[in-house]
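J.: Could you look at this predicted model? Sequence included:
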4 protein chains.
Amino acid sequence: MIGGGIGSFIGDVHRKAASIDGIIELVCGAFSSSSEKSKQSGKALLLPEERCYASYEEMIRKEKELPEDQRMDFVAIVTPNHMHFEPAKMALENGFHVVCDKPMTLTITEAEELEKIVHETGLLFALTHNYTGHPMVKQAKAMVKNGDLGGIRKIQVQYLQGWMATQVEKTDNKQASWRVDPKKSGVGGALGDIGTHAENLVEYITNLKIAELAADLGRFGEGRVLDDDGNILLRMENGAKGTMSFSQIAVGEENNLAIRVYGEKGSIEWHQENPNQLITRWIDQPKKVFTPNGNDLYPEAIKTSRIPAGHPEGYLEAFATIYKNFAIHLNNVLAGKNIEQPDYPSVSDGVRGVRFIHASVHSDKNNTAWTKL
Amino acid sequence: MIGGGIGSFIGDVHRKAASIDGIIELVCGAFSSSSEKSKQSGKALLLPEERCYASYEEMIRKEKELPEDQRMDFVAIVTPNHMHFEPAKMALENGFHVVCDKPMTLTITEAEELEKIVHETGLLFALTHNYTGHPMVKQAKAMVKNGDLGGIRKIQVQYLQGWMATQVEKTDNKQASWRVDPKKSGVGGALGDIGTHAENLVEYITNLKIAELAADLGRFGEGRVLDDDGNILLRMENGAKGTMSFSQIAVGEENNLAIRVYGEKGSIEWHQENPNQLITRWIDQPKKVFTPNGNDLYPEAIKTSRIPAGHPEGYLEAFATIYKNFAIHLNNVLAGKNIEQPDYPSVSDGVRGVRFIHASVHSDKNNTAWTKL
Amino acid sequence: MIGGGIGSFIGDVHRKAASIDGIIELVCGAFSSSSEKSKQSGKALLLPEERCYASYEEMIRKEKELPEDQRMDFVAIVTPNHMHFEPAKMALENGFHVVCDKPMTLTITEAEELEKIVHETGLLFALTHNYTGHPMVKQAKAMVKNGDLGGIRKIQVQYLQGWMATQVEKTDNKQASWRVDPKKSGVGGALGDIGTHAENLVEYITNLKIAELAADLGRFGEGRVLDDDGNILLRMENGAKGTMSFSQIAVGEENNLAIRVYGEKGSIEWHQENPNQLITRWIDQPKKVFTPNGNDLYPEAIKTSRIPAGHPEGYLEAFATIYKNFAIHLNNVLAGKNIEQPDYPSVSDGVRGVRFIHASVHSDKNNTAWTKL
Amino acid sequence: MIGGGIGSFIGDVHRKAASIDGIIELVCGAFSSSSEKSKQSGKALLLPEERCYASYEEMIRKEKELPEDQRMDFVAIVTPNHMHFEPAKMALENGFHVVCDKPMTLTITEAEELEKIVHETGLLFALTHNYTGHPMVKQAKAMVKNGDLGGIRKIQVQYLQGWMATQVEKTDNKQASWRVDPKKSGVGGALGDIGTHAENLVEYITNLKIAELAADLGRFGEGRVLDDDGNILLRMENGAKGTMSFSQIAVGEENNLAIRVYGEKGSIEWHQENPNQLITRWIDQPKKVFTPNGNDLYPEAIKTSRIPAGHPEGYLEAFATIYKNFAIHLNNVLAGKNIEQPDYPSVSDGVRGVRFIHASVHSDKNNTAWTKL
């Protein structure tokens, strides 16, 4: 693991998520740019001191020197945005598979370079767009894919948080400070942090690409140079239209990611904060609400559930599904088996996310001009 | 009453709404452009034959000839859009107060002319933006006005229906056929029919004007020349930003008008389909849900409820509140009393609505250019 | 109208409900036991002074003396419980049809006597169990009747209010004071006031009679001799079992009447506070949510709606449905037509309610012994 | 671990729950009464063969022979009900701490014997009443304890499932077959399986004991000798009254455990299927909805959350909280530290559960007679 030292939010989430299904074990880490802090973090995680490295470079180099059956199988990158590209590149170039947090890189060039390396090396790469790991998101995607909704016409997606409504970056809030810093966060603020999740969810569920967008970004927190709010019009490749709204200054909202997709025959609605139901509406039937392990589900949804109907799974379990599917893939590759790739977000999804950020910033700077993705 | 003959939807709603509080009585009507049909409709409504007129012109002329204490007190106009301006103008010019359905007129010029006449004559004019009649909408407006939410930053409003997802105008659906006809509906389709309700609700609750908008309209029904779907970015006069989405092709949606308004300290959320709760979120308190005649309400909300907490009021009651407040105003004016105007939508709200339609169409034609309202 | 003077809650509800559909007109009243107050109330309701009577006896007597086409068509009794029997009896004995509030009478003997008179005279009698007037309650009943749920096995019903959690009867709360007084309320407190609604709803929806019950009543308000809370086990005539819980001391609850009915194949769930949805669950399908004028409804539900899907109807409209169906019946009878009785609660439902109150009190006094209804 | 072989439901849940927080490691197991199956299960769990035992007796004996720093720290018992007592007793008598599934034992005598041994040995014992592990359940308990609701007056608890609505025990459903068998399940069917969870949740949240109960049990599945449904009246030690309803034949219900508790000043409502909100109602404030890591929580709730507000935790996480608190306790005890016992269900809670089962069966056999617990 690269990043995720003591006090980290997402590093701890990655570790819990990876452990739930009992098929992944943490074996080493470069948890901090401070050697001391990295060792302390590793110790707290019960790792042997010699595998708590002072830097990701050291980790990749030394692990590579270990016998094949002792070295780490893959690298998980859980650092702030600006520290994704270099570690991912070095890991791939040294033969390690990669799990990387989103957004994948700061620039489109970097993203495309990673994509190229992945394709050339054949190494596995997963991007943790964790919300695609929910059974009801799998069900939604399968319903669209199977034509249940008919041709898609309209999309509404939102990702609303309120925790940055005040100037939390001026307090000792470690999560806020790097997010408002263009050097660490890139050209997008909330755009990269949560907007990319919304973008990914739209393309994942609809099986359609966003063709172009028109963005109006907000910077409501005093002194912020990056967006903390945004409203975007979407046009999909098939002619469907939509809206995206995201915010980190939507007071009182916690983690309100939600999506509605309307087709010619039916529509779906899903809410991350209550993830275990998929609301569907129909041109000729009453509203139907699907639940994990409930009636009438597609296999893609069924196989994603861990426990019986009515036993809610949550954020960690969905996150774990990315790791589980990646690990199943990896185990098969390591065992020399050639299986169909299990469903997890890819390096190409990462490229889409970075393109989305840059297209949105470009549109916003050009008075909300329609901009191709 | 002008319009609202047998088989009419909104005419019947107006009549039921006007009767609930027992202070308004239907006395005459020009229910149809067919004299025969007007008389039949009037008969079904237990009106004397001599007060069922063949045209609105006849009605206004003949009622004016009646002694003052026998003639109608005001005119209610419940015709399709293109038949609002002329009857309203004639009624006002003949000294009758007016209740008119929305959108007020087809053109901005007409709207401003009505506004001018109302201001010059001092006659009363109510526009039936009925959704402002809900107690919880009154509460939302009062909360914003009293600064409970702090400065407004973000708005999301939607008005989603699905009943025109197929080509219902090709069936004998009377409601659909005039709505897709620019001669009767004007330059906006769903824009005028439901978009104006969304626009009015935004300005009503936030006490802010929409400064400019950027619109992307959809025409998904085959052969339609008017919009049946739209996505609009909003910028308010105070710098707040927002999205509006409306549709009549959102399959499975019934009458899903909903709004969220985020301020610096708190936010509100209201859904027309479950109108008896106002969800509020706060920077430093748990989510609070207000209910009609429940705890901690502003007087504006309390006085709008007719029955105790937990006894749901609905669409007709909210509609009735427009009529009730108009009637209270009118009774006071007729009694020579000078009271503060009760809260109901005015001719100026009507002008805003028509401007909104035209600005949206203009923006859409200009590739979603920002357009002042 | 008998009762319902100025300041009355339920009298005003009856009047609004009766007026919504425009087929019933208030023509006279004995609104109060004080002649003066009756006249004042009548005046406020725009009635001529000579038809505002000092007592119900006077009203019935004098109206009977009027020519047939001028006298009232039926009597609406909206007084406290102890003032239902005598007026209803006298009205029936003088040839007037009756609409009566619930519970019908204080004693089973009285209830059976009214039933006998109604059956002997052939006069119409409606009891205002208003909650049966909701379209989704009609749908629930029709689903059970058509066997959609299979044989009924389990019932949960509750009616929870909190407004009597403190000793409001010691304040000037007119609604509370008679409800805690056995002379006016009868042997049941909350039992009669709201428990009977729950009992009626169970039998209405399931088309089954309660065979026996075991009750544990509570008197939580200091000094109260009548129940203000109750928990009852139910056994239905077909072997189904259930629970009923009602309360007027359930702090924070407004008017939370809700029911769940489980059959062998499916189940229904309905909530009065959000009356425009019927939640259904199935052994082999996802949860389905029906809405008024939505898809896949039975005719009984469809014909009860006044406005399109998504336009919520509420408490007053459901109440109005009792009046509307009664008036349709009455109009047909007056016109000499022999039609099937429209669906509204009957005098026999009233007998069931009074039996329910007495059985519950008996069971409670006998240490929760199973008691036949 | 004792029990929990391949195909087990609850064994897998225990393992996932124990692993989430990274402080518990599975080291050995007697996963099945078949030595072969036990070894296969252990192998799938990556355990060394020599620590996959053929029986719990062998496991306890052999582990005890290992050096103290190599042997297991505690035993987790995840077998059907009839296999709890003997393994727990033997483990305790051999000095091992115990985590045991519920209901604790088949008879009250057994339960009291375990309680006695625990008290005498000072060994730790946790019963996996997992629903007490939710942050919002902790918040509810803390609110009652701190007097926020005032004195408790009324309780409604339900635990509804529908998966045994048909005769699933006649299929190869392993979960169903032992549950309908009195030899394995004990005198209670649904009573023991889910009723005990409801009973425990009531006493946990209210901090009150059930004084007596009156039960009416149902056996709706053809040929069942044990209850598959039950309705119970409750009287609490402080005079509060309540209802409990549980069922495994409530068609369409998945795992609908829910509770409402009404005090003199406020009330709480919690639903297991949507566990991340606690609805509260108040005598003088609007409804307030608490969320994990949201505003205004008690420390007991805050410290139970693993991730930020709006990131839902679910069934596994709540289950994990039992293990986490038990492990924290155990680590401190092993380290010789004397800390206050963290909050997890105890052997005494186990005794209450077994008493509840037997009291309910006794009451049901005696025509719903009030029976002390």
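T.: Everything's here; your move.
J.: which residues sit in contact with the closest residue to residue A:15 other than its chain neighbours?
T.: Spatially, and ignoring its direct neighbours in sequence, residue A:15 is nearest to residue A:26 (6.2 Å; C-beta to C-beta, 6 or more residues apart in numbering or on different chains). For glycine as for every other residue, the C-beta is placed from the backbone atoms N, C-alpha and C. With contact set as C-beta atoms under 8 Å, 6 or more residues apart in numbering or on different chains, residue A:26 has these partners: A:1, A:15, A:18-19, A:45, A:47.
J.: Top of those by number of neighbours, please.
T.: Note: the member of the contacts of residue A:26 with the most neighbours is residue A:1, at 29 neighbours, neighbours being other C-beta atoms under 10 Å in any protein chain shown.
J.: Chain neighbours aside, what residue packs nearest to it?
T.: residue A:29 is the one closest to residue A:1 (C-beta to C-beta, 6+ apart), at 4.2 Å.
J.: so who does residue A:319 touch?
T.: Contact analysis of residue A:319 by C-beta under 8 Å, 6+ apart lists A:13-14, A:16-17, A:128, A:130, A:133.
J.: for residue A:288, same thing?
T.: A:279-280, A:282, C:285-289.
J.: And for residue A:285, the neighbour number?
T.: 15.
J.: Can you list phi and psi of it for me?
T.: Residue A:285 adopts backbone torsions of phi -140, psi 160, taken as degrees, to the nearest 10.
J.: Equivalent analysis for residue A:26, please.
T.: Dihedral angles for residue A:26 - degrees, to the nearest 10 - are phi -70, psi 130.
J.: dump the residue contacts of residue A:144.
T.: A:152, A:205-207, A:261, A:263, A:268.
J.: Narrow the residues you listed to just the buried residues.
T.: Listed as buried from the contacts of residue A:144 are A:152, A:205-206, A:261, A:263, A:268; burial here means 16 or more other C-beta atoms under 10 Å in any protein chain shown.
J.: Check whether the residue sitting furthest away from the middle of chain A sits in a helix, strand or coil.
T.: In chain A, residue A:284 marks the outermost C-alpha relative to the chain mean, sitting 35.4 Å out by C-alpha atoms, centre = their mean. Assigned by DSSP: H, G, I helix; E, B strand; the rest coil, the conformation of residue A:284 is coil.
J.: got the contact list for it?
T.: With C-beta under 8 Å, 6+ apart, residue A:284 has these contacts: residue C:295.
J.: For it, grab phi and psi.
T.: Backbone torsions of residue A:284, given as degrees, to the nearest 10, read phi -140, psi 20.
J.: Then residue A:238?
T.: phi -100, psi 0.
J.: before we move on, back to that, can you list the contacts of residue A:26 in a markdown table and add pLDDT?
T.: What follows is these, written out as a markdown table (pLDDT from 0 to 100):
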| residue | pLDDT |
| --- | --- |
| A:1 | 95 |
| A:15 | 94 |
| A:18 | 93 |
| A:19 | 91 |
| A:45 | 90 |
| A:47 | 92 |
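J.: So which of those belong to helices?
T.: Among the contacts of residue A:26, the members falling in helices (DSSP state H) are A:15, A:18-19.
J.: Around chain D, which positions in the stretch 51-200 of chain A sit nearby?
T.: Within the stretch 51-200 of chain A, the positions lying close to chain D (C-beta under 8 Å from any C-beta of the partner chain) are A:161, A:163.
J.: Can you read off the pLDDT for residue A:330?
T.: Here the pLDDT value assigned to residue A:330 is 96.
J.: sorry, that was for residue A:282
T.: Value for residue A:282, per-residue pLDDT: 98.
J.: returning to that earlier point: if we check chain B, which of the contacts of residue A:144 are in contact?
T.: When contact is defined as C-beta under 8 Å from any C-beta, these meet chain B at residue A:263.
J.: where's the closest residue to chain C within the stretch 1-150 of chain A, which helix or strand?
T.: Using C-beta to the nearest C-beta, the single residue of the stretch 1-150 of chain A nearest to chain C is residue A:139, 10.1 Å away. Taking DSSP states H and E as the definition, residue A:139 sits inside helix A:135-145.
J.: After that helix, which helix or strand is next? Please name it.
T.: strand A:152-160.
J.: strands paired with that following strand, and their directions?
T.: If you go by DSSP bridges, strand A:152-160 pairs up with strand A:241-247 (parallel), strand A:256-263 (antiparallel).
J.: Of those strands, which is nearest residue B:198?
T.: strand A:241-247 (12.8 Å; C-beta to C-beta).
J.: before we move on, the earlier item: what angle sits between the helix holding residue A:139 and strand A:152-160?
T.: On the basis of axes from the mean of the first three to the mean of the last three C-alpha atoms, to 10 degrees, helix A:135-145 is oriented at 160 degrees to strand A:152-160.
J.: What residues of helix A:135-145 count as buried?
T.: A:135-144.
J.: Then stretch A:329-346?
T.: So, applying 16+ other C-beta under 10 Å, buried residues of stretch A:329-346: A:329-330, A:333, A:342-346.
J.: picking that back up, any idea which of the contacts of residue A:319 is closest to chain D?
T.: residue A:16 (5.6 Å).
J.: Pull up the gap between that closest one and residue D:320, please.
T.: 9 Å (C-beta to C-beta, to the nearest Å).
J.: More neighbours: those two, which one.
T.: Neighbour count, other C-beta under 10 Å: between residue A:16 and residue D:320, residue D:320 has more, with 28 against 22.
J.: Isn't that one up against residue D:17?
T.: Yes - counting by C-beta atoms under 8 Å, residue D:17 is a contact partner of residue D:320 at 4.2 Å.
J.: The helix holding residue A:139: how far from the chain's middle?
T.: Distance, stretch centre to chain centre, for helix A:135-145: 17 Å (C-alpha atoms, centre = their mean, to the nearest Å).
J.: And stretch A:200-219, by the same measure?
T.: 14 Å.
J.: measure that stretch end to end?
T.: 23 Å (C-alpha to C-alpha, to the nearest Å).
J.: Residue ranges in the stretch 201-350 of chain A under the pLDDT threshold?
T.: The stretch 201-350 of chain A contains no residues with pLDDT under 70.
J.: Next to chain B, which bits of it? Give me the list.
T.: Selection of the stretch 201-350 of chain A residues close to chain B by C-beta under 8 Å from any C-beta yields A:214, A:216, A:218, A:220, A:229, A:231, A:233-235, A:241-243, A:245, A:247, A:249-253, A:262-267, A:280-283, A:287.
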